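Visitor: build me a model from this:
(2 chains)
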Amino acid sequence: MTPDAATQIRWGVGAAILAVALVAILALVPDPFFRQRVIATTLDDVEGVSPGVQVYFRGAPIGQVRSVELDGPSRTFAVHMGVAKDWRPSPCAFATVAAANPLTAPRIELVALETATAQCANARRAYGCDPVAGPQRADAIAGCRRPADLFETASVAIGEAAAVARTANAMAQRLSTMLQGDGSGSAVDMAKVARNATETLAALNSLSTQLDRSFRPGQGDIALTLSHVRKATGRASEIDVAALNGILRETQAMVAQNQTSIAGLLAEGKGSASEARMILEGASASLIATSANLERTSASLGNLSERLAGDPTFAIRGQRYADPPPPGGKK
Amino acid sequence: MIRLASILLLLTLAACAALKGGDAPVTMRVSPRFAVGPLQPAPTLAVAPVQARGLSGGLRYAYVDAATPGEIRQAATLFWEEPPATMLARALVAGLRTRFAAVTGPDLSLAAERRIVATLDRFEEVTGAGTAQAVIAFDVTQVAQGKAVWTGRYCATQPITSAAGTARAAAFQGAIEQAVAAFVEDAVSGRVTTASC
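Guide: Below you'll find the model as predicted:
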(Lines give C-alpha, C1' and ligand atoms only; values in the text may rest on other atoms or scores of the structure.)
Protein backbone atom coordinates (compact mmCIF):
# COMPACT_ATOMS: atom_id res chain seq x y z
CA MET A 1 0.00 0.00 0.00
CA THR A 2 1.35 3.36 -1.01
CA PRO A 3 0.82 6.31 1.40
CA ASP A 4 -1.21 9.15 0.05
CA ALA A 5 0.42 12.26 -1.40
CA ALA A 6 -0.12 14.42 1.72
CA THR A 7 1.61 11.85 3.94
CA GLN A 8 4.50 11.59 1.48
CA ILE A 9 4.93 15.40 1.51
CA ARG A 10 4.76 15.52 5.31
CA TRP A 11 7.42 12.82 5.65
CA GLY A 12 9.57 14.45 2.97
CA VAL A 13 9.44 17.88 4.60
CA GLY A 14 10.10 16.30 8.01
CA ALA A 15 13.15 14.46 6.68
CA ALA A 16 14.46 17.63 5.01
CA ILE A 17 14.05 19.66 8.22
CA LEU A 18 15.79 16.92 10.17
CA ALA A 19 18.69 16.87 7.69
CA VAL A 20 19.03 20.67 7.79
CA ALA A 21 18.93 20.62 11.58
CA LEU A 22 21.57 17.89 11.67
CA VAL A 23 23.83 19.80 9.30
CA ALA A 24 23.28 23.02 11.27
CA ILE A 25 24.19 21.28 14.51
CA LEU A 26 27.32 19.79 13.01
CA ALA A 27 28.33 23.07 11.38
CA LEU A 28 27.39 25.58 14.02
CA VAL A 29 27.69 23.86 17.37
CA PRO A 30 31.35 24.10 18.38
CA ASP A 31 31.68 20.65 19.89
CA PRO A 32 28.77 18.49 18.72
CA PHE A 33 30.28 15.22 19.98
CA PHE A 34 31.25 16.59 23.42
CA ARG A 35 34.94 15.92 22.92
CA GLN A 36 36.01 19.26 24.38
CA ARG A 37 35.54 21.18 27.57
CA VAL A 38 35.59 24.92 27.98
CA ILE A 39 38.26 26.74 29.94
CA ALA A 40 38.52 30.50 30.34
CA THR A 41 41.37 32.92 30.66
CA THR A 42 41.82 36.69 30.87
CA LEU A 43 43.87 38.58 28.34
CA ASP A 44 44.79 42.25 28.09
CA ASP A 45 45.12 42.44 24.30
CA VAL A 46 43.19 40.27 21.85
CA GLU A 47 44.34 41.69 18.54
CA GLY A 48 44.06 38.80 16.06
CA VAL A 49 42.37 36.55 18.64
CA SER A 50 38.86 35.64 17.53
CA PRO A 51 36.62 32.55 17.61
CA GLY A 52 38.37 29.79 15.69
CA VAL A 53 41.94 30.79 16.56
CA GLN A 54 43.90 27.64 17.42
CA VAL A 55 44.92 26.74 20.95
CA TYR A 56 48.21 24.86 21.26
CA PHE A 57 49.83 22.92 24.06
CA ARG A 58 53.55 22.13 23.69
CA GLY A 59 53.29 22.34 19.92
CA ALA A 60 50.11 20.27 19.49
CA PRO A 61 46.75 21.80 18.57
CA ILE A 62 44.30 20.89 21.32
CA GLY A 63 41.41 23.23 20.69
CA GLN A 64 40.24 26.61 19.57
CA VAL A 65 38.88 29.88 20.85
CA ARG A 66 35.11 29.83 21.36
CA SER A 67 34.39 33.42 22.35
CA VAL A 68 36.03 36.71 23.29
CA GLU A 69 34.15 39.08 25.61
CA LEU A 70 35.17 42.47 26.88
CA ASP A 71 35.06 42.94 30.64
CA GLY A 72 34.36 46.66 30.87
CA PRO A 73 35.28 47.42 34.49
CA SER A 74 38.68 45.70 34.35
CA ARG A 75 39.37 46.66 30.70
CA THR A 76 40.39 43.06 29.98
CA PHE A 77 38.93 40.29 27.84
CA ALA A 78 37.45 36.99 28.92
CA VAL A 79 38.50 34.40 26.36
CA HIS A 80 36.74 31.03 26.36
CA MET A 81 38.51 28.15 24.72
CA GLY A 82 37.32 24.67 23.86
CA VAL A 83 40.17 22.28 24.61
CA ALA A 84 40.49 18.49 24.44
CA LYS A 85 38.51 16.94 27.26
CA ASP A 86 41.42 14.91 28.60
CA TRP A 87 43.78 17.90 28.85
CA ARG A 88 44.33 18.81 32.48
CA PRO A 89 46.10 21.98 33.63
CA SER A 90 48.95 21.59 36.12
CA PRO A 91 48.84 23.61 39.36
CA CYS A 92 50.88 26.23 37.53
CA ALA A 93 49.21 26.63 34.14
CA PHE A 94 48.67 29.80 32.16
CA ALA A 95 47.69 30.99 28.70
CA THR A 96 49.67 33.30 26.48
CA VAL A 97 49.07 34.75 23.04
CA ALA A 98 52.06 33.49 21.11
CA ALA A 99 53.85 35.15 18.19
CA ALA A 100 55.12 38.56 19.12
CA ASN A 101 55.82 39.01 15.44
CA PRO A 102 52.94 40.74 13.66
CA LEU A 103 53.80 38.86 10.48
CA THR A 104 52.84 35.45 11.88
CA ALA A 105 49.35 34.27 12.83
CA PRO A 106 48.52 34.69 16.50
CA ARG A 107 47.67 31.60 18.48
CA ILE A 108 47.00 30.82 22.07
CA GLU A 109 49.56 28.71 23.82
CA LEU A 110 48.67 26.88 27.00
CA VAL A 111 51.65 26.43 29.29
CA ALA A 112 51.59 23.93 32.15
CA LEU A 113 54.66 24.12 34.37
CA GLU A 114 55.30 21.12 36.57
CA THR A 115 55.80 23.31 39.63
CA ALA A 116 54.07 23.38 42.99
CA THR A 117 51.57 26.20 43.52
CA ALA A 118 53.88 27.87 46.05
CA GLN A 119 56.65 28.33 43.48
CA CYS A 120 54.28 29.14 40.64
CA ALA A 121 54.65 32.92 40.75
CA ASN A 122 58.43 32.72 40.46
CA ALA A 123 58.34 30.01 37.79
CA ARG A 124 55.85 32.02 35.77
CA ARG A 125 58.02 35.13 36.02
CA ALA A 126 61.07 33.13 34.96
CA TYR A 127 59.07 31.98 31.94
CA GLY A 128 58.43 35.62 31.05
CA CYS A 129 54.74 35.69 31.95
CA ASP A 130 53.32 38.75 33.62
CA PRO A 131 49.77 37.69 34.65
CA VAL A 132 46.86 39.91 33.65
CA ALA A 133 45.01 41.28 36.65
CA GLY A 134 41.31 40.83 36.15
CA PRO A 135 38.32 38.80 37.28
CA GLN A 136 39.43 35.23 37.84
CA ARG A 137 36.90 32.45 37.80
CA ALA A 138 37.38 29.14 39.57
CA ASP A 139 37.60 27.24 36.27
CA ALA A 140 39.88 29.81 34.63
CA ILE A 141 43.62 29.74 34.15
CA ALA A 142 45.78 32.87 34.33
CA GLY A 143 46.49 34.80 31.15
CA CYS A 144 49.80 36.56 30.48
CA ARG A 145 50.19 40.12 29.33
CA ARG A 146 50.76 40.17 25.62
CA PRO A 147 54.34 40.97 24.62
CA ALA A 148 54.88 43.90 22.32
CA ASP A 149 55.21 42.93 18.68
CA LEU A 150 58.16 43.57 16.42
CA PHE A 151 57.21 47.09 15.42
CA GLU A 152 56.23 48.16 18.92
CA THR A 153 59.41 46.60 20.32
CA ALA A 154 61.48 48.46 17.77
CA SER A 155 59.77 51.78 18.48
CA VAL A 156 60.19 51.34 22.23
CA ALA A 157 63.78 50.17 21.85
CA ILE A 158 64.64 53.18 19.69
CA GLY A 159 63.13 55.47 22.33
CA GLU A 160 65.04 53.66 25.06
CA ALA A 161 68.27 53.80 23.08
CA ALA A 162 67.83 57.57 22.76
CA ALA A 163 67.23 57.90 26.52
CA VAL A 164 70.21 55.72 27.37
CA ALA A 165 72.42 57.68 24.98
CA ARG A 166 71.36 60.90 26.75
CA THR A 167 72.25 59.38 30.13
CA ALA A 168 75.60 58.27 28.78
CA ASN A 169 76.16 61.77 27.48
CA ALA A 170 75.50 63.27 30.92
CA MET A 171 77.87 60.75 32.47
CA ALA A 172 80.60 61.53 29.94
CA GLN A 173 80.24 65.23 30.74
CA ARG A 174 80.49 64.55 34.47
CA LEU A 175 83.58 62.43 33.90
CA SER A 176 85.06 65.15 31.76
CA THR A 177 84.52 67.69 34.55
CA MET A 178 86.10 65.34 37.07
CA LEU A 179 89.09 64.52 34.92
CA GLN A 180 89.73 68.15 34.17
CA GLY A 181 90.65 68.37 37.83
CA ASP A 182 88.38 71.06 39.23
CA GLY A 183 88.67 69.30 42.56
CA SER A 184 85.13 68.03 42.51
CA GLY A 185 85.94 64.34 42.25
CA SER A 186 88.34 61.76 43.57
CA ALA A 187 89.70 58.76 41.69
CA VAL A 188 87.13 56.58 43.48
CA ASP A 189 84.29 58.82 42.27
CA MET A 190 85.71 58.74 38.78
CA ALA A 191 85.88 54.97 38.74
CA LYS A 192 82.30 54.80 40.04
CA VAL A 193 80.97 57.15 37.39
CA ALA A 194 82.97 55.37 34.72
CA ARG A 195 81.55 52.02 35.87
CA ASN A 196 78.02 53.41 35.77
CA ALA A 197 78.71 54.78 32.32
CA THR A 198 79.91 51.35 31.21
CA GLU A 199 76.72 49.72 32.46
CA THR A 200 74.65 52.34 30.67
CA LEU A 201 76.63 51.85 27.48
CA ALA A 202 76.29 48.08 27.75
CA ALA A 203 72.50 48.57 27.89
CA LEU A 204 72.67 50.82 24.86
CA ASN A 205 74.83 48.31 23.03
CA SER A 206 72.44 45.47 23.84
CA LEU A 207 69.47 47.52 22.64
CA SER A 208 71.21 48.45 19.44
CA THR A 209 72.14 44.80 18.82
CA GLN A 210 68.51 43.80 19.41
CA LEU A 211 67.31 46.46 16.99
CA ASP A 212 69.83 45.40 14.39
CA ARG A 213 68.74 41.76 14.73
CA SER A 214 65.01 42.59 14.60
CA PHE A 215 65.27 44.42 11.34
CA ARG A 216 67.91 42.41 9.56
CA PRO A 217 66.38 41.52 6.18
CA GLY A 218 65.30 37.98 5.49
CA GLN A 219 64.53 36.91 9.05
CA GLY A 220 61.39 34.84 9.51
CA ASP A 221 60.30 35.24 5.90
CA ILE A 222 59.26 31.62 5.62
CA ALA A 223 56.63 32.01 8.31
CA LEU A 224 54.85 34.78 6.48
CA THR A 225 51.47 34.57 4.87
CA LEU A 226 50.07 36.98 2.36
CA SER A 227 47.29 38.26 4.60
CA HIS A 228 49.70 38.90 7.43
CA VAL A 229 52.10 40.67 5.13
CA ARG A 230 49.27 42.93 4.07
CA LYS A 231 48.53 43.59 7.68
CA ALA A 232 52.17 44.26 8.38
CA THR A 233 52.35 46.63 5.46
CA GLY A 234 49.54 48.57 7.05
CA ARG A 235 51.38 48.59 10.36
CA ALA A 236 54.62 49.62 8.68
CA SER A 237 52.92 52.55 6.99
CA GLU A 238 51.34 53.60 10.28
CA ILE A 239 54.73 53.97 11.88
CA ASP A 240 56.43 57.23 11.23
CA VAL A 241 59.65 55.72 9.92
CA ALA A 242 61.11 59.14 9.22
CA ALA A 243 60.59 60.17 12.85
CA LEU A 244 62.13 56.92 14.13
CA ASN A 245 65.04 57.33 11.81
CA GLY A 246 65.40 60.91 13.06
CA ILE A 247 65.60 59.66 16.65
CA LEU A 248 68.10 57.02 15.58
CA ARG A 249 70.26 59.59 13.85
CA GLU A 250 70.16 61.86 16.90
CA THR A 251 71.08 58.92 19.10
CA GLN A 252 73.92 58.09 16.80
CA ALA A 253 75.12 61.68 16.92
CA MET A 254 75.06 61.52 20.71
CA VAL A 255 76.96 58.26 20.61
CA ALA A 256 79.56 59.86 18.35
CA GLN A 257 79.77 62.83 20.72
CA ASN A 258 80.34 60.48 23.66
CA GLN A 259 82.95 58.66 21.67
CA THR A 260 84.81 61.91 20.97
CA SER A 261 84.58 62.98 24.63
CA ILE A 262 85.91 59.63 25.78
CA ALA A 263 88.69 59.66 23.19
CA GLY A 264 89.56 63.18 24.40
CA LEU A 265 89.60 62.06 28.02
CA LEU A 266 91.84 59.13 27.14
CA ALA A 267 94.19 61.39 25.23
CA GLU A 268 94.46 63.83 28.12
CA GLY A 269 95.04 61.11 30.66
CA LYS A 270 95.26 63.87 33.25
CA GLY A 271 94.69 62.58 36.76
CA SER A 272 92.70 59.62 35.55
CA ALA A 273 92.91 56.52 37.67
CA SER A 274 94.04 53.44 35.81
CA GLU A 275 90.75 51.62 36.51
CA ALA A 276 88.75 54.52 35.08
CA ARG A 277 91.04 54.58 32.07
CA MET A 278 90.56 50.89 31.43
CA ILE A 279 86.79 51.23 31.75
CA LEU A 280 86.80 54.21 29.39
CA GLU A 281 88.72 52.26 26.78
CA GLY A 282 86.13 49.50 26.95
CA ALA A 283 83.34 52.08 26.74
CA SER A 284 84.91 53.60 23.68
CA ALA A 285 84.94 50.25 21.84
CA SER A 286 81.36 49.64 22.95
CA LEU A 287 80.28 52.99 21.51
CA ILE A 288 81.82 52.18 18.16
CA ALA A 289 79.88 48.90 17.95
CA THR A 290 76.71 50.71 19.05
CA SER A 291 77.12 53.36 16.43
CA ALA A 292 77.53 50.74 13.67
CA ASN A 293 74.49 48.80 14.93
CA LEU A 294 72.32 51.92 15.02
CA GLU A 295 73.35 52.86 11.53
CA ARG A 296 72.51 49.41 10.19
CA THR A 297 69.18 49.44 12.05
CA SER A 298 68.27 52.76 10.56
CA ALA A 299 69.08 51.50 7.06
CA SER A 300 67.30 48.17 7.56
CA LEU A 301 64.19 49.83 9.00
CA GLY A 302 63.97 52.09 5.98
CA ASN A 303 64.58 49.20 3.56
CA LEU A 304 61.99 46.92 5.15
CA SER A 305 59.36 49.61 5.16
CA GLU A 306 60.04 50.61 1.56
CA ARG A 307 60.09 47.03 0.33
CA LEU A 308 56.84 46.05 2.05
CA ALA A 309 55.06 49.23 1.03
CA GLY A 310 56.12 48.77 -2.60
CA ASP A 311 55.47 45.03 -2.79
CA PRO A 312 53.45 43.33 -0.06
CA THR A 313 54.43 39.89 -1.38
CA PHE A 314 58.14 40.67 -1.11
CA ALA A 315 58.40 39.05 2.31
CA ILE A 316 56.90 35.79 1.04
CA ARG A 317 58.67 35.54 -2.25
CA GLY A 318 61.91 36.98 -0.99
CA GLN A 319 64.49 38.01 -3.50
CA ARG A 320 65.66 35.79 -6.32
CA TYR A 321 69.38 35.22 -6.21
CA ALA A 322 71.61 33.40 -8.68
CA ASP A 323 75.24 32.42 -8.38
CA PRO A 324 77.71 34.03 -10.80
CA PRO A 325 78.58 31.97 -13.88
CA PRO A 326 81.74 29.88 -13.58
CA PRO A 327 84.75 31.63 -15.15
CA GLY A 328 85.55 30.10 -18.53
CA GLY A 329 82.79 27.55 -18.08
CA LYS A 330 84.90 25.64 -15.49
CA LYS A 331 83.10 24.16 -12.51
CA MET B 1 47.85 4.62 -21.62
CA ILE B 2 49.76 7.64 -22.89
CA ARG B 3 47.65 9.89 -20.68
CA LEU B 4 48.43 7.77 -17.62
CA ALA B 5 52.15 7.76 -18.46
CA SER B 6 52.10 11.56 -18.82
CA ILE B 7 50.40 11.98 -15.46
CA LEU B 8 52.90 9.61 -13.83
CA LEU B 9 55.79 11.49 -15.43
CA LEU B 10 54.45 14.82 -14.18
CA LEU B 11 53.95 13.41 -10.69
CA THR B 12 57.49 12.00 -10.71
CA LEU B 13 58.89 15.34 -11.79
CA ALA B 14 56.93 17.17 -9.09
CA ALA B 15 58.08 14.64 -6.49
CA CYS B 16 61.72 15.02 -7.58
CA ALA B 17 61.44 18.81 -7.39
CA ALA B 18 59.84 18.63 -3.96
CA LEU B 19 62.33 16.13 -2.55
CA LYS B 20 65.48 17.80 -3.92
CA GLY B 21 67.43 19.42 -1.12
CA GLY B 22 68.25 23.12 -1.12
CA ASP B 23 71.56 24.43 -2.40
CA ALA B 24 74.30 24.20 0.18
CA PRO B 25 75.64 27.65 1.10
CA VAL B 26 79.36 28.23 0.77
CA THR B 27 80.87 30.59 3.34
CA MET B 28 84.22 32.01 2.33
CA ARG B 29 87.04 33.25 4.51
CA VAL B 30 90.01 35.44 3.61
CA SER B 31 93.17 35.68 5.71
CA PRO B 32 95.45 38.31 4.15
CA ARG B 33 99.17 38.12 4.97
CA PHE B 34 101.79 40.82 4.49
CA ALA B 35 105.57 40.78 4.29
CA VAL B 36 107.20 42.33 7.36
CA GLY B 37 109.46 45.35 6.79
CA PRO B 38 111.48 47.66 9.04
CA LEU B 39 109.24 49.04 11.81
CA GLN B 40 108.67 52.75 12.25
CA PRO B 41 108.11 53.94 15.83
CA ALA B 42 106.01 56.94 14.75
CA PRO B 43 103.36 57.96 14.05
CA THR B 44 101.00 55.90 16.18
CA LEU B 45 97.99 54.82 14.13
CA ALA B 46 94.39 53.92 14.91
CA VAL B 47 92.25 52.30 12.22
CA ALA B 48 88.63 53.49 12.44
CA PRO B 49 85.72 51.16 11.60
CA VAL B 50 85.52 50.86 7.82
CA GLN B 51 82.33 52.08 6.24
CA ALA B 52 81.07 50.25 3.16
CA ARG B 53 79.16 51.54 0.20
CA GLY B 54 75.81 49.80 -0.32
CA LEU B 55 75.97 46.12 -1.12
CA SER B 56 79.76 46.06 -0.67
CA GLY B 57 79.05 45.84 3.04
CA GLY B 58 76.83 42.74 2.88
CA LEU B 59 77.69 39.16 3.67
CA ARG B 60 76.13 37.95 0.42
CA TYR B 61 78.65 37.67 -2.42
CA ALA B 62 78.13 40.44 -4.99
CA TYR B 63 79.01 40.27 -8.67
CA VAL B 64 78.65 42.43 -11.74
CA ASP B 65 78.33 41.34 -15.33
CA ALA B 66 80.78 43.39 -17.41
CA ALA B 67 78.05 43.78 -20.04
CA THR B 68 75.75 45.48 -17.52
CA PRO B 69 78.16 47.28 -15.19
CA GLY B 70 75.41 49.35 -13.59
CA GLU B 71 73.64 46.31 -12.16
CA ILE B 72 74.87 44.60 -9.03
CA ARG B 73 73.75 40.99 -8.60
CA GLN B 74 73.88 38.88 -5.50
CA ALA B 75 74.82 35.20 -5.35
CA ALA B 76 72.36 32.59 -4.13
CA THR B 77 74.74 30.35 -2.22
CA LEU B 78 77.98 32.29 -1.74
CA PHE B 79 78.57 34.23 1.47
CA TRP B 80 81.45 35.88 3.27
CA GLU B 81 82.31 34.82 6.78
CA GLU B 82 82.30 38.44 7.93
CA PRO B 83 81.29 41.70 6.24
CA PRO B 84 83.86 42.87 3.69
CA ALA B 85 84.26 46.16 5.60
CA THR B 86 85.38 44.20 8.67
CA MET B 87 87.74 42.14 6.51
CA LEU B 88 89.26 45.33 5.12
CA ALA B 89 89.65 46.87 8.59
CA ARG B 90 91.39 43.71 9.76
CA ALA B 91 93.65 43.73 6.70
CA LEU B 92 94.52 47.41 7.19
CA VAL B 93 95.54 46.75 10.80
CA ALA B 94 97.56 43.67 9.82
CA GLY B 95 99.23 45.49 6.92
CA LEU B 96 100.10 48.61 8.92
CA ARG B 97 101.48 46.53 11.79
CA THR B 98 104.14 45.17 9.44
CA ARG B 99 105.64 48.67 9.11
CA PHE B 100 104.43 50.71 12.10
CA ALA B 101 105.15 49.88 15.72
CA ALA B 102 101.91 51.15 17.26
CA VAL B 103 98.70 50.33 15.36
CA THR B 104 95.32 49.72 16.97
CA GLY B 105 92.14 48.49 15.33
CA PRO B 106 88.49 49.52 15.57
CA ASP B 107 87.91 47.24 18.55
CA LEU B 108 90.45 49.12 20.67
CA SER B 109 90.12 52.77 19.94
CA LEU B 110 93.07 54.24 21.77
CA ALA B 111 94.27 57.77 21.23
CA ALA B 112 96.77 57.87 18.35
CA GLU B 113 98.63 60.51 16.38
CA ARG B 114 96.81 59.52 13.21
CA ARG B 115 93.46 57.92 12.52
CA ILE B 116 93.01 55.87 9.37
CA VAL B 117 89.49 56.30 8.02
CA ALA B 118 88.68 54.01 5.09
CA THR B 119 85.55 53.57 2.98
CA LEU B 120 85.10 50.38 1.00
CA ASP B 121 83.83 51.28 -2.44
CA ARG B 122 83.91 48.00 -4.36
CA PHE B 123 84.17 44.41 -3.25
CA GLU B 124 82.76 42.38 -6.07
CA GLU B 125 83.40 39.88 -8.81
CA VAL B 126 83.30 41.19 -12.36
CA THR B 127 82.35 38.51 -14.87
CA GLY B 128 82.42 38.71 -18.63
CA ALA B 129 83.41 36.73 -21.74
CA GLY B 130 84.39 33.61 -19.83
CA THR B 131 86.61 35.46 -17.36
CA ALA B 132 86.07 36.56 -13.80
CA GLN B 133 88.00 38.95 -11.60
CA ALA B 134 87.91 39.89 -7.96
CA VAL B 135 87.79 43.67 -7.70
CA ILE B 136 88.28 45.71 -4.58
CA ALA B 137 88.58 49.48 -4.20
CA PHE B 138 88.67 51.72 -1.16
CA ASP B 139 89.33 55.33 -0.22
CA VAL B 140 91.54 56.18 2.74
CA THR B 141 91.94 59.39 4.68
CA GLN B 142 94.50 59.94 7.40
CA VAL B 143 93.31 62.29 10.11
CA ALA B 144 95.65 64.07 12.50
CA GLN B 145 94.48 66.53 15.14
CA GLY B 146 91.03 66.74 13.60
CA LYS B 147 92.28 67.49 10.09
CA ALA B 148 92.50 65.32 6.99
CA VAL B 149 96.20 65.26 6.16
CA TRP B 150 96.34 62.62 3.48
CA THR B 151 93.83 61.06 1.11
CA GLY B 152 94.26 58.24 -1.36
CA ARG B 153 92.38 55.66 -3.35
CA TYR B 154 93.51 52.07 -3.71
CA CYS B 155 92.22 49.26 -5.83
CA ALA B 156 93.28 45.87 -7.05
CA THR B 157 92.04 43.07 -9.27
CA GLN B 158 92.90 39.39 -9.26
CA PRO B 159 91.72 36.71 -11.69
CA ILE B 160 89.33 34.09 -10.39
CA THR B 161 90.45 30.77 -11.76
CA SER B 162 87.48 28.57 -10.99
CA ALA B 163 83.97 28.63 -9.61
CA ALA B 164 85.05 27.01 -6.33
CA GLY B 165 84.61 29.07 -3.17
CA THR B 166 88.27 28.56 -2.30
CA ALA B 167 89.38 30.00 -5.65
CA ARG B 168 87.10 33.00 -5.23
CA ALA B 169 88.27 33.59 -1.66
CA ALA B 170 91.92 33.28 -2.78
CA ALA B 171 91.37 35.87 -5.52
CA PHE B 172 89.80 38.34 -3.10
CA GLN B 173 92.54 37.66 -0.56
CA GLY B 174 95.13 38.43 -3.22
CA ALA B 175 93.32 41.63 -4.20
CA ILE B 176 93.09 42.81 -0.58
CA GLU B 177 96.76 42.03 0.01
CA GLN B 178 97.76 43.93 -3.15
CA ALA B 179 95.67 47.04 -2.43
CA VAL B 180 96.49 47.22 1.28
CA ALA B 181 100.22 46.65 0.61
CA ALA B 182 100.17 49.60 -1.82
CA PHE B 183 98.49 51.76 0.83
CA VAL B 184 100.99 50.72 3.52
CA GLU B 185 103.91 51.58 1.25
CA ASP B 186 102.38 55.02 0.64
CA ALA B 187 101.77 55.49 4.36
CA VAL B 188 105.45 54.73 5.03
CA SER B 189 106.76 56.99 2.29
CA GLY B 190 104.20 59.76 2.87
CA ARG B 191 103.40 59.93 -0.84
CA VAL B 192 100.12 59.10 -2.54
CA THR B 193 100.41 57.07 -5.72
CA THR B 194 97.80 57.66 -8.38
CA ALA B 195 95.11 55.04 -8.30
CA SER B 196 94.71 52.81 -11.32
CA CYS B 197 90.94 52.87 -10.98
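
Visitor: every contact and neighbour count from this point should use C-alpha atoms.
Guide: Fine.

Visitor: can you count the residues close to residue A:45?
Guide: Burial measure for residue A:45: 16 neighbouring residues, criterion other C-alpha atoms under 10 Å in any protein chain shown.

Visitor: OK, contacts around the closest residue in space to it that isn't next to it in sequence?
Guide: Of all residues not flanking residue A:45 in the chain, residue A:146 sits nearest, at 6.2 Å (C-alpha to C-alpha, 6 or more residues apart in numbering or on different chains). When contacts are counted by C-alpha atoms under 8 Å, 6 or more residues apart in numbering or on different chains, residue A:146 is found next to A:43-45, A:96-97, A:100.

Visitor: which of those tops the neighbour count?
Guide: Neighbour counts for these peak at residue A:43, which has 25 neighbours (criterion: other C-alpha under 10 Å).

Visitor: didn't that one look like it was pressed against residue A:74?
Guide: No. Using C-alpha atoms under 8 Å, residue A:43 makes no contact with residue A:74, being 10.7 Å away.

Visitor: avg pLDDT for the helix or strand hosting residue B:136?
Guide: Using DSSP states H and E, residue B:136 sits within strand B:131-144. Per-residue pLDDT values across strand B:131-144 average out to 92.

Visitor: hmm, it in reach of chain A?
Guide: Yes. Residues of strand B:131-144 contacting chain A under C-alpha under 8 Å from any C-alpha of the partner chain: B:131-132.

Visitor: off-centre distance for the helix or strand following that strand?
Guide: If you walk from strand B:131-144 toward the C-terminus, the next helix or strand you reach (DSSP H and E) is strand B:147-159. Distance, stretch centre to chain centre, for strand B:147-159: 14 Å (C-alpha atoms, centre = their mean, to the nearest Å).

Visitor: list the buried ones in the next helix or strand after strand B:147-159?
Guide: Scanning the chain past strand B:147-159 towards its C-terminal end, the next helix or strand to appear is helix B:165-189 (assignment: DSSP H and E). In terms of neighbour count (16 or more other C-alpha atoms under 10 Å in any protein chain shown), helix B:165-189 has its buried residues at B:165-166, B:168-185, B:187.

Visitor: got the angle between helix B:165-189 and strand B:131-144?
Guide: Helix B:165-189 and strand B:131-144 meet at an angle of 30 degrees, taking axes from the mean of the first three to the mean of the last three C-alpha atoms, to 10 degrees as the criterion.

Visitor: average pLDDT for helix B:165-189, rounded please.
Guide: Per-residue confidence for helix B:165-189 averages out to 94 on the pLDDT scale.

Visitor: list of residues touching it?
Guide: Residues beyond helix B:165-189 that count as contacts (C-alpha under 8 Å, 6+ apart) turn out to be B:26-34, B:78, B:88, B:91-92, B:95-96, B:99, B:133-137, B:154-162, B:192-193.

Visitor: and stretch B:95-104, by the same measure?
Guide: Counting contacts by C-alpha under 8 Å, 6+ apart, the residues outside stretch B:95-104 that touch it are B:33-47, B:93, B:110, B:180-181, B:184, B:188.

Visitor: who does the strand or helix carrying residue A:39 pair up with?
Guide: Counting by DSSP H and E, the element that carries residue A:39 is strand A:36-43. In the sheet, strand A:36-43 lines up against strand A:76-84 (antiparallel), strand A:140-143 (parallel) (DSSP bridges).

Visitor: mind listing what's buried along the shortest one?
Guide: Looking back up the chat, that one is strand A:140-143. A:140-143.

Visitor: residue B:34 and chain A: what is the separation?
Guide: Noted for residue B:34: a distance of 26 Å to chain A, by C-alpha to the nearest C-alpha, to the nearest Å.

Visitor: give me the low-pLDDT residue ranges for the stretch 151-300 of chain A?
Guide: Residues of the stretch 151-300 of chain A that meet the criterion pLDDT under 70 lie in A:151-162, A:164-300.

Visitor: same check on chain B?
Guide: Going by pLDDT under 70, which is the cut-off in play, chain B has low-confidence ranges at B:1-2, B:10, B:13-23, B:109-110.

Visitor: what's the burial count for residue A:20?
Guide: As a burial measure, residue A:20 scores 12 neighbours (other C-alpha under 10 Å).

Visitor: secondary structure class of it, three-state.
Guide: In terms of secondary structure, residue A:20 is helix; the call rests on DSSP: H, G, I helix; E, B strand; the rest coil.

Visitor: which residues does it contact?
Guide: Shown in contact with residue A:20 (C-alpha under 8 Å, 6+ apart): no residues.

Visitor: quick one: it from residue A:8, how far?
Guide: 18 Å (C-alpha to C-alpha, to the nearest Å).

Visitor: same check, this time on residue B:133
Guide: 89 Å.

Visitor: so those two - more neighbours on which side?
Guide: Of the pair residue B:133 and residue A:8, residue B:133 is the one with more neighbours under other C-alpha under 10 Å, namely 23 against 12.

Visitor: mind listing what the more buried one touches?
Guide: Residues in contact with residue B:133, defined by C-alpha under 8 Å, 6+ apart, are B:125-127, B:157-160, B:171.

Visitor: and for residue A:109, the neighbour number?
Guide: Applying the criterion other C-alpha under 10 Å, we find 21 residues in the vicinity of residue A:109.

Visitor: residue A:55 is in contact with that one, correct?
Guide: Yes. Using C-alpha under 8 Å, residue A:109 and residue A:55 qualify as a contacting pair, with a distance of 5.8 Å.

Visitor: out of the contacts of stretch B:95-104, which are buried?
Guide: Of the members of the contacts of stretch B:95-104, the ones counted as buried by neighbours, 16+ other C-alpha under 10 Å, are B:34, B:44-47, B:93, B:110, B:180-181, B:184.
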